[in-house]
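> Need coordinates for the below:
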Amino acid sequence: ALNIADAAYIHNAGNLEITAVGKLSGIAAGGRVELATTGVLHLAASVNVSSLRMTASGGAITASASIPVGISADAAELVARNGLGSTGAGALDLNVGILSISSTETGSAYINLYRDTEITAIAMDGPGNLYLRSENSALTVSGVISLANGTVTGSIRGEFDITGEILSSGTIRLVAEQIY
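Sure, this is the predicted structure:
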């Protein structure tokens, strides 16, 4: 594993894959980690950090179905050109306290949340849908979720608190145990 005591900045031209080598895998850090690439950023091993910024300026952020939780962080900002995750087992599995997402071109976002999470912003500027699932955890939308050309589908198994806004050019479908 790549173990980092403080901050780390990894910038790459082309595709970047976080993978396992033998018994060592992923990235663990106590400080802020920035992962940036001009292509696809693919997680084949977990990332466990305090604060994370992932940028795939020329592609998508994807994850292998074989890793149980792809990203664990107190705060995460995910920026991709062509969406995040993929349908079914390819969804991004997140254990994140504060979350911000941006997709600048065509592409949908498939997000599974496994911790009480506050969404401060989701901006999807091109065609694409948002599929959001929260498993036995509370979800708070404190900022704006905005889709320029797509639909929002959410399944929240826990409390759902909206103090921000959800804007979409298409249908907004949210199912929750409790909505505040």
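> Every contact and neighbour count from this point should use C-alpha atoms.
OK.
> give the contact list for Ser66.
Shown in contact with Ser66 (Cα atoms under 8 Å, 6 or more residues apart in numbering): Ala44.
> And Ala109, by the same measure?
83-86, 91, 128-132.
> if you set the cut-off to 10 Å instead, what comes out?
60-62, 80, 82-87, 91-92, 101-103, 122, 124, 128-132, 152 (Cα atoms under 10 Å, 6 or more residues apart in numbering).
> quick one: it and Gln178, what's the gap?
Separation of Ala109 from Gln178 (Cα to Cα, to the nearest Å) stands at 24 Å.
> One more: His42?
Taking Cα to Cα, one finds His42 at 34 Å from Gln178.
> same question, Leu147
Distance from Leu147 to Gln178, by Cα to Cα: 24 Å.
> Pick out whichever of those two has more residues nearby.
Leu147 (24 against 12; other Cα atoms under 10 Å).
> Helix or strand with the lowest mean pLDDT in this protein?
In the chain, no helix or strand scores lower on mean pLDDT, DSSP states H and E than strand 20-21, which sits at a mean of 40.
> Surely Gly58 and Asn82 touch.
Yes. Between Gly58 and Asn82 there is a contact under Cα atoms under 10 Å: 7.5 Å.
> Show me what counts as buried in stretch 71-80.
71-80 (16 or more other Cα atoms under 10 Å).
> can you put these in TSV and add pLDDT?
Compiled in TSV, those are given as follows (pLDDT from 0 to 100):
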residue	pLDDT
Ile71	88
Ser72	89
Ala73	91
Asp74	94
Ala75	96
Ala76	96
Glu77	97
Leu78	97
Val79	96
Ala80	96
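> Note down every partner strand of the strand or helix carrying Ile119 and its orientation.
Assigned by DSSP states H and E, Ile119 belongs to strand 117-127. Neighbouring strands of strand 117-127 in its sheet, by DSSP bridges, are strand 92-103 (parallel), strand 139-149 (parallel).
> any idea which of these is most buried?
strand 92-103 (a mean of 23; mean count of other Cα atoms under 10 Å).
> need the next SSE after it, C-terminal direction.
That would be, after strand 92-103 and using DSSP H and E, strand 109-113.
> and that following strand, what's its mean pLDDT?
For strand 109-113, the mean pLDDT works out to 96.
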